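Chemist: Starting from these lines, generate the structure:
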Amino acid sequence: MISDKLKHIFLISLLLIYAHGIEEIIGGFQYFDSFMVSGANYFGITPEIFYWVSHMIFWLSLPILFLLFHQRRVGLILITIFGGIFIIELHHPIKAILASQYYPGTITALFYPIIGIFFWKQTFTDWKKIE
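Modeler: The predicted structure follows:
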């Protein structure tokens, strides 16, 4: 079962995810990111469509999954998988450093490690409680 503390951290991280999405949209992330461009080319669509489809599925499914499963063990499994976002989103500052310039999404991505530390610490604590 997910503790109240982890639920709060998750909700804070949702706010960060939505702010991060806004920064990506404003910065034109879909045109710069190689995954977005190659994914769009693979499916024969524009980078904008690929971005919106992939991100809307993610942005909308997170709160829905949270509401459906937060009282069960599967909720802890899902939230653990969600924790990968704190690692994946580090590609923004890394690409900014490598390019020596702003990369869309970098500003909000700098907050992911901070929240991620609290998230992972509480996630490990919650897993220990159910063992």
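
Chemist: Tell me where the chain has strands.
Modeler: For the chain, no strands are identified by DSSP state E.

Chemist: Rank the helices and strands of it by mean pLDDT and give me the bottom one.
Modeler: Scoring the helices and strands of the chain by mean pLDDT, DSSP states H and E places helix 47-69 at the bottom, with a mean of 82.

Chemist: If we go by neighbour counts, what in that helix is buried?
Modeler: P47, F50, Y51, H55, L62, L65, F66, F69 (16 or more other CB atoms under 10 Å). Heads up, the C-betas are built off the backbone N, CA and C, glycines and all.

Chemist: if I look at the second one, how far off is F43?
Modeler: Here the distance between F50 and F43 works out to 6 Å (CB to CB, to the nearest Å).

Chemist: The spatially most central residue of the chain and G21, how far apart?
Modeler: Centroid-nearest residue in the chain: I85, 4.0 Å away (criterion: CA atoms, centre = their mean). Using CB to CB, I85 is found at 12 Å from G21.

Chemist: Would you list the phi and psi of I45?
Modeler: Main-chain dihedrals, I45, degrees, to the nearest 10: phi -130, psi 180.
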